[in-house]
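Q: Quick check, what structure comes out for this input:
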Amino acid sequence: QAQLVESGGGLAQPGGSLRLSCAASGTISSWTTMGWYRQAPGKQREMVALITPIGSTTYTDSVKGRFIISRDNAKKAVYLQMNSLKPEDTAVYYCNARQGVHATGDLLSGSWGQGTQVTVSS
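A: From the prediction side, this is the model:
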């Protein structure tokens, strides 16, 4: 079972940027799809971005062109660069690790971090 720890959340102004990091430890295969999900107050958790073991990426439509997911396999880390932030990006962001190659989100599988709060407000 992998342990995931997110960092980098905080308060940003509309149009600003934040970079989230997720460090993995424990039993984690390099053949793992890493992902970022988010949950806004009163809403269901949703997939934001995925990156497969070979670097293929998937984004939800609302963040395409603004967010970039990347990974460093040597460090067992995944990152989410968030640019042009909007108030609707406000949510708790969760890191997920799921074995195998996946191009779609799954709320029921893999290991999860505790989440990091992102607030976008002026």
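
Q: Going by C-alpha atoms from here, please, whenever you check contacts or count neighbours.
A: Will do.

Q: contacting residues for the spatially most central residue of the chain?
A: Geometric centre of the chain, nearest residue: residue 36, 1.9 Å, by C-alpha atoms, centre = their mean. Residue 36 makes contacts with 47, 48, 49, 50, 80, 93, 94, 95, 96, as judged by C-alpha atoms under 8 Å, 6 or more residues apart in numbering.

Q: Kindly reformat those as a markdown table and extend each row with pLDDT.
A: Shown next, in a markdown table, are the contacts of residue 36 (pLDDT from 0 to 100):
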| residue | pLDDT |
| --- | --- |
| 47 | 98 |
| 48 | 98 |
| 49 | 98 |
| 50 | 98 |
| 80 | 98 |
| 93 | 98 |
| 94 | 98 |
| 95 | 97 |
| 96 | 97 |
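
Q: and the residues you listed, which of them are in strands?
A: 47, 48, 49, 50, 80, 93, 94, 95, 96 (DSSP state E).

Q: Return the closest of those with respect to residue 105.
A: Nearest to residue 105 among these, counting by C-alpha to C-alpha, is residue 47 at 5.4 Å.

Q: Neighbours of the closest one, how many?
A: 22 (other C-alpha atoms under 10 Å).

Q: swap in residue 61?
A: Residue 61: 9 neighbours (other C-alpha under 10 Å).
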